[in-house]
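Q: A structural model of the following input is requested.
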Amino acid sequence: MGKITVERCEIEGLCVITPTVFKDDRGYFVETYNQNDFKEAGLDMVFVQDNQSKSSKGVLRGLHFQKEHPQGKLVRVLSGEVYDVAVDLRNNSKTYGKYFGVVLSDENKKQFYIPEGFAHGFVVLSDEAVFAYKCTDFYHPNDEGGLIYNDTDIGIDWPIEGIELIMSDKDTKWKGLKETFKFD
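A: Okay, here's the model as predicted:
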């Protein structure tokens with residue numbers, strides 16, 4: 001293998017992936033996805049859609065998920081820096097409602113794999129960031145769900161001190177975990 005390093009996170013299924021970067025005086029080359037390398041590392045998913053966004057400092061997107069058509073996502077930052085978060089929504093998981101966060105940047109070249117069954121969001125820490133992600137299912141606009149970013153039951157430690165948040169109207173109106181998922 002050797003082309004990627006896979007760090008398994010404390011929440012089962014989440015992985016931080018660091019590709020090998022080949023640098024010289026001209027710049028660098030990095031292979032961001034190779035199906036064979038991922039399979040060898042035990043990551044055997046099929047991607048059907050690629051997305052890209054550009055956001056300014058303080059933009060917080062999320063926490064998003066799809067209800068009936070959950071998406072696995074392989075996310076990375078092409079320029080800038082974000083704090084990226086996944087929240088476990090898998091009903092029978094021992095880490096249900098727990099989160100994991102990681103800094104992704106054009107400097108560290110890390111990628112974050114978030115399997116189906118998680119809510120996902122990020123906040124931009126640099127002046128701007130270009131964010132890319134591969135998805136295992138298509139976006140279904142009538143299937144989207146979300147959680148409020150500052151739900152105290154989840155307790156995400158967002159590194160946002162001194163940053164003025166910029167959010168969509170939709171993202172400011174999501175409810176917390178307990179209000180969104182009521183189990184009998």
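
Q: can we go C-alpha only for contacts and neighbour counts from here?
A: OK.

Q: looks to me like residue 179 is in a helix.
A: Yes. Under DSSP: H, G, I helix; E, B strand; the rest coil, residue 179 falls within a helix.

Q: neighbours around it, how many?
A: Residues near residue 179, counting by other C-alpha atoms under 10 Å, number 10.

Q: okay, it: pLDDT?
A: Reported pLDDT at residue 179 in the predicted model: 94.

Q: what sits against it?
A: For residue 179, the contact set (C-alpha atoms under 8 Å, 6 or more residues apart in numbering) is empty.

Q: ok, now how distant is it from residue 146?
A: 11 Å (C-alpha to C-alpha, to the nearest Å).

Q: residue 165: neighbour count?
A: 15.

Q: cool, and the one 10 residues further on?
A: Using other C-alpha under 10 Å, residue 175 has 17 other residues around it.

Q: surely it and residue 148 touch.
A: Yes. If you go by C-alpha atoms under 8 Å, residue 175 and residue 148 touch, sitting 5.3 Å apart.

Q: where in the chain is pLDDT low?
A: 1-2, 183-184 (pLDDT under 70).

Q: strands of that one, start to end?
A: 4-8, 15-19, 21-24, 27-30, 49-56, 60-66, 73-79, 81-88, 99-105, 111-114, 118-124, 128-135, 144-146 (DSSP state E).

Q: who are the packing partners of the fourth one?
A: Secondary-structure packing of strand 27-30 (3 or more C-alpha pairs under 8 Å, 6 or more residues apart in numbering; DSSP states H and E): strand 21-24.

Q: can I get the CA coordinates of the strand it packs on in PDB?
A: This file holds the C-alpha atoms of strand 21-24, laid out as PDB (Å, rounded to 0.1, in the frame of the first residue of the first chain):
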ATOM      1  CA  VAL A  21       2.400  13.800  -1.100                       C
ATOM      2  CA  PHE A  22       5.200  13.800  -3.600                       C
ATOM      3  CA  LYS A  23       7.000  17.200  -3.500                       C
ATOM      4  CA  ASP A  24       9.800  18.700  -5.500                       C
END
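
Q: parallel or antiparallel, list what pairs with it.
A: Applying DSSP bridges to the sheet, strand 21-24 is found paired with strand 27-30 (antiparallel).

Q: residue 31 reaches residue 18, doesn't it?
A: No. Residue 31 lies out of contact with residue 18 (C-alpha under 8 Å); the separation is 10.3 Å.

Q: which one of those two has more residues nearby?
A: Between residue 31 and residue 18, counting by other C-alpha under 10 Å, residue 18 is the more crowded of the two (17 against 11).

Q: who touches that one in this structure?
A: 4, 5, 6, 109, 110, 111.

Q: skipping adjacent residues, who's closest to residue 109 in space?
A: Excluding its sequence neighbours, the residue lying closest to residue 109 (C-alpha to C-alpha, 6 or more residues apart in numbering) is residue 18, at 6.5 Å.
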